[in-house]
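A.B. asks: Show me how the following folds:
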Amino acid sequence: MARILLVARSSEEQDAIRAMMASASTHSVTTVARGVEALREAARVRFDAALVEAELPDVDGFEVCRLLQVERSGFPVILLSNADREIEYERRCVECGAADFVVRPLDAHELLARINAVLRSRSLADEARRHQHELVEKVEERTGQLADLANELRIERDALRETFNVFQDGLFLLDGNGAVLIENTAGRQLLANAARPGSLRETGDGSPKKVFRELLAEFGGEALRQNTTASRISLWGARQLDMRASPAAGGRVLVSVRDVTEERDRELRRLQSEKLASIGMLAAGVAHEINNPASFVLANVDALATSLRKLDETLRMQNVYAVNSGLANQLFDAMTVVQESKEGMARIHRIARDLHSFSRVDDDANALSDVNAAVDSALTMLRSELRYRATVERNLRATQLVRASAARLGQVFLNLLVNAAHALADLHPRRNRLYVRSFDEATSVVVEVEDNGPGIPPAIMPRIFESFFTTKPPELGTGLGLPISLDIVRRAGGELTAESEPGRGAIFRVRLPAAMGVPSVKTRTVPSLKAIQRRRVLAIDDEALLLKAFQRMLVSHHDIETKLGAREALRCFGEDREFDVVLCDLQMPDMSGVELYQAVKQRWPDLAERFIFITGGAFSPEARRFLENADIACINKPFQLRELLELIEARVGDV
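C.D. replies: Numbering: from 1, shown residues only. Sure thing, here's the model as predicted:
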């Protein structure tokens, strides 16, 4: 309940407002008729809000509002005004500090709502002031505690001087100019090592302390004295140090230095692997999303090309071109556009396939891989990088498979090709050459990447496989590409070597053991389209557009039927199973292709042998293991018509 002061000339209006308040709220109302009386009553009683008529006989409502604000800052006042002067009064209400104003005739619900609103605002303002007062008290209390803590820290600092040598990291206390005031035993050893030949820098007088002091000052300066910083520095050889600096009392700086060479190497390798895994997941997702639309676009372009060829044959047979020669030119242009679109979709097909292959960073290291396919994938992904730098000459003759992750091999060849491209500083594609070769050598498979660049200087050659060593600018290299490639090749049981003569380019050679007892890679013979027998084919997919594309693609060669989703196909099999081949999408909502296959195999084993799975990418280990089954036939989206026809013939022949 709130106390409300009502200031109104008319007793009838006073009674009406009092009745409104009594019927809809528990607020108590005190009424007066003049402005002077209102000020006197407000000085005697502490009201929560006031309703003041704008037109009063002695002191007008705006002046009453201003005087009430002087007595109590923020006191909420609602002015009552007539509708004919609403615009003028609205401005004056703002000037005198009124919380709100109400235009006659009065509505009980609106009036009560406005009163409650200003009461809530006043309550919130009071609460904020109370919290502010409490916060000030807490800040003062905390300031006192911090002062006590500062005194304790000064005592601890004095005790720390005596225990400096306990730490195994090098510790240094520097003054404002970067001079070393105190160092522990480990720090003195680091200073001594800094003066060894081959260190980051040497001074004229050979003073170890001066050498390390300058090194710290270079990575410190004013910013180091003001903020805690962390830097990695190379002290001597390939050793990596972590230097952490934080401000100390009196403008001094406390610096700790730790040798983290091995730790850094492991961590950066782990981060690189995680980065590649993330890129792989992104690439797999992009490839999968591209595959479905690319599949039916490629199929439709194929169907359109076929239709245009048939139209051309029909028009020639009817001798239409003799009457309208312009029609022949238009049809030729249309066929050219379709052919160019088909070539573009074929390129998208290759890129999506290579992205999917590169994304499989978690492949089993013992998986069988074709080095030629890995090289081709790497060249495809670097097509834009290489086309303006050099002419690539490939000679891929290796026929034996190797046991290694295809994605990891792709990473190796990517690194070698990028390094070779960057070695060709001048952008002269006609003069610059990259030679990529693969061949069998007894029980090994060899891949060579050669360039005709300036070569590797003899002084640098012993260090090219060191972690973090690079001659490239920071934006082009981190010094991790070759060390990681060497590690991948060694894990696969192979070796990575380099040869170079200054001015005659460089050769990087990957030698991997061939997988023994595994058939060599063979080129499959593509049957003639005329030799293909007509089959009854069922296509199952959750993409309606892709099913239409299957129909257009295969209708000239086979009797094609379609089912939208696995459950519809399962119902179909209950009534009709006389299909020579079943084309089934691997990943479908509600019921996957794997689940459909397992259900069919349990009920109708003969029908399960006729399945060919179509996939835009198998992400789960279960799906990958399923596709690795020797009895499973699979084709990746998007695909060419000839590829699908070949696989259908092969599947019918296997059954």
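A.B. asks: As a check, name the ranges of all helices in the stretch 301-450 of the chain.
C.D. replies: Along the stretch 301-450 of the chain, the stretches classed as helices by DSSP state H, counting those that start in this stretch are 320-323, 325-359, 371-381, 383-387, 406-423.
A.B. asks: next one: the stretch 501-650 of the chain
C.D. replies: Secondary structure of the stretch 501-650 of the chain (DSSP H, counting those that start in this stretch): helices at 544-554, 566-573, 593-603, 605-608, 621-627, 641-654.
A.B. asks: I'd like those as JSON lines, with mean neighbour count, mean pLDDT and distance to Val70 appended.
C.D. replies: For glycine as for every other residue, the C-beta is placed from the backbone atoms N, C-alpha and C. Formatted as JSON lines, the helices of the stretch 501-650 of the chain follow (neighbours: other C-beta atoms under 10 Å; pLDDT from 0 to 100; distance: least, C-beta to C-beta, whole Å):
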{"stretch": "helix 544-554", "mean neighbour count": "20", "mean pLDDT": "84", "distance to Val70": "77"}
{"stretch": "helix 566-573", "mean neighbour count": "17", "mean pLDDT": "92", "distance to Val70": "80"}
{"stretch": "helix 593-603", "mean neighbour count": "18", "mean pLDDT": "91", "distance to Val70": "81"}
{"stretch": "helix 605-608", "mean neighbour count": "14", "mean pLDDT": "91", "distance to Val70": "93"}
{"stretch": "helix 621-627", "mean neighbour count": "14", "mean pLDDT": "72", "distance to Val70": "78"}
{"stretch": "helix 641-654", "mean neighbour count": "16", "mean pLDDT": "83", "distance to Val70": "90"}
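A.B. asks: Identify whichever of the ones you listed lies nearest to Arg244.
C.D. replies: Arg244 sits nearest to helix 621-627 of all these, at 41.7 Å, using C-beta to C-beta.
A.B. asks: what packs against the closest one?
C.D. replies: Helices and strands touching helix 621-627, as assessed by 3 or more C-beta pairs under 8 Å, 6 or more residues apart in numbering; DSSP states H and E, comprise helix 593-603, strand 611-615.
A.B. asks: Convert it to CSV, retaining C-alpha atoms only.
C.D. replies: Taking Å, rounded to 0.1, in the frame of the first residue of the first chain, the C-alpha atoms of helix 621-627 are listed here in CSV:
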residue,chain,number,x,y,z
PRO,A,621,33.5,-45.5,-38.4
GLU,A,622,30.6,-48.0,-38.6
ALA,A,623,29.7,-46.8,-42.1
ARG,A,624,33.3,-47.0,-43.2
ARG,A,625,33.7,-50.5,-41.9
PHE,A,626,30.5,-51.5,-43.7
LEU,A,627,31.7,-50.2,-47.0
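A.B. asks: Check the offset of that helix from the chain's centre.
C.D. replies: Counting by C-alpha atoms, centre = their mean, to the nearest Å, helix 621-627 is centred 26 Å from the centre of its parent chain.
A.B. asks: Number of residues surrounding the residue lying closest to Thr615 once chain neighbours are set aside?
C.D. replies: Distances taken as C-beta to C-beta, 6 or more residues apart in numbering put Leu586 closest to Thr615, at 3.9 Å, once the chain neighbours are dropped. Counted with other C-beta atoms under 10 Å, the neighbours of Leu586 add up to 22.
A.B. asks: Now do Leu586 against Phe550, distance only.
C.D. replies: Leu586 sits 15 Å away from Phe550, going by C-beta to C-beta, to the nearest Å.
A.B. asks: follow-up on the earlier one: take the helices and strands packed on helix 621-627 and lay them out in CSV including distance to Leu396.
C.D. replies: Output for the helices and strands packed on helix 621-627, formatted as CSV (distance: least, C-beta to C-beta, whole Å):
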stretch, distance to Leu396
helix 593-603, 33
strand 611-615, 26
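A.B. asks: Tell me which of these lies nearest to Gly170.
C.D. replies: Per C-beta to C-beta, nearest to Gly170 of the helices and strands packed on helix 621-627: strand 611-615, 56.7 Å.
A.B. asks: Report the mean confidence score over that closest one.
C.D. replies: Average pLDDT, strand 611-615: 88.
A.B. asks: Pairing partners for that strand, with directions?
C.D. replies: Within its sheet, strand 611-615 is paired with strand 581-585 (parallel), strand 633-636 (parallel), according to DSSP bridges.
A.B. asks: CA-only coordinates of the shortest one in CSV, if you can.
C.D. replies: Taking C-alpha atoms only, strand 633-636 is exported to CSV below (Å, rounded to 0.1, in the frame of the first residue of the first chain):
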residue,chain,number,x,y,z
ALA,A,633,29.5,-52.4,-54.0
CYS,A,634,29.7,-48.6,-53.8
ILE,A,635,29.9,-45.5,-56.0
ASN,A,636,30.6,-42.0,-54.8
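A.B. asks: Now do the same contact list for Ile532.
C.D. replies: His557, Leu645, Ile648, Glu649 (C-beta atoms under 8 Å, 6 or more residues apart in numbering).
A.B. asks: do the same with Leu512
C.D. replies: By C-beta under 8 Å, 6+ apart, the contact list for Leu512 reads Val371, Val402, Ala404, Ser444, Val445, Val446, Val447, Val489, Ala492, Gly493, Gly494.
A.B. asks: How about Gly35?
C.D. replies: Residues near Gly35 by C-beta under 8 Å, 6+ apart: Val7, Val52, Leu56, Asp58, Val59, Asp60, Gly61, Glu63, Val64.
A.B. asks: again, 7 Å this time
C.D. replies: Neighbour list for Gly35: Val7, Leu56, Asp58, Val59, Glu63, Val64 [criterion: C-beta atoms under 7 Å, 6 or more residues apart in numbering].
A.B. asks: quick one: which of these is nearest to Phe75?
C.D. replies: Using C-beta to C-beta, the shortest approach to Phe75 within the contacts of Gly35 belongs to Val64, at 11.1 Å.
A.B. asks: Quick check: what element follows whichever strand or helix holds the closest one along the chain?
C.D. replies: Using DSSP states H and E, Val64 sits in helix 61-71. On the C-terminal side of helix 61-71, the closest following helix or strand by DSSP H and E is strand 77-81.
A.B. asks: Looks to me like Thr497 is in a helix.
C.D. replies: No - the assignment for Thr497, made by DSSP: H, G, I helix; E, B strand; the rest coil, is strand rather than a helix.
A.B. asks: That one against Arg509, yeah?
C.D. replies: Yes - taking C-beta atoms under 7 Å as the definition, Thr497 is a contact partner of Arg509 at 5.1 Å.
A.B. asks: higher neighbour count, the two?
C.D. replies: Between Thr497 and Arg509, counting by other C-beta under 10 Å, Arg509 is the more crowded of the two (17 against 12).
A.B. asks: if we can go back for a sec, for the residue nearest to Thr615, which residues are in contact?
C.D. replies: Contacts of Leu586 by C-beta under 7 Å, 6+ apart are Ser592, Gly593, Val594, Phe613, Ile614, Thr615, Ala618, Ala623.
A.B. asks: could you measure the fifth one against Ser556, distance?
C.D. replies: Spelled out, it's Ile614. Per C-beta to C-beta, Ile614 is found 19 Å from Ser556.
A.B. asks: count of neighbours near Glu495?
C.D. replies: Neighbours of Glu495 under the rule other C-beta under 10 Å: 14.
A.B. asks: Quick check: bridge partners of it?
C.D. replies: On the basis of DSSP bridges, Glu495 is bridged to Arg511.
A.B. asks: What about Val118, how many residues nearby?
C.D. replies: For Val118, the neighbour count with other C-beta under 10 Å is 20.
A.B. asks: If you could redo that for Glu95, that was the one I meant.
C.D. replies: Using other C-beta under 10 Å: Glu95 sits among 10 other residues.
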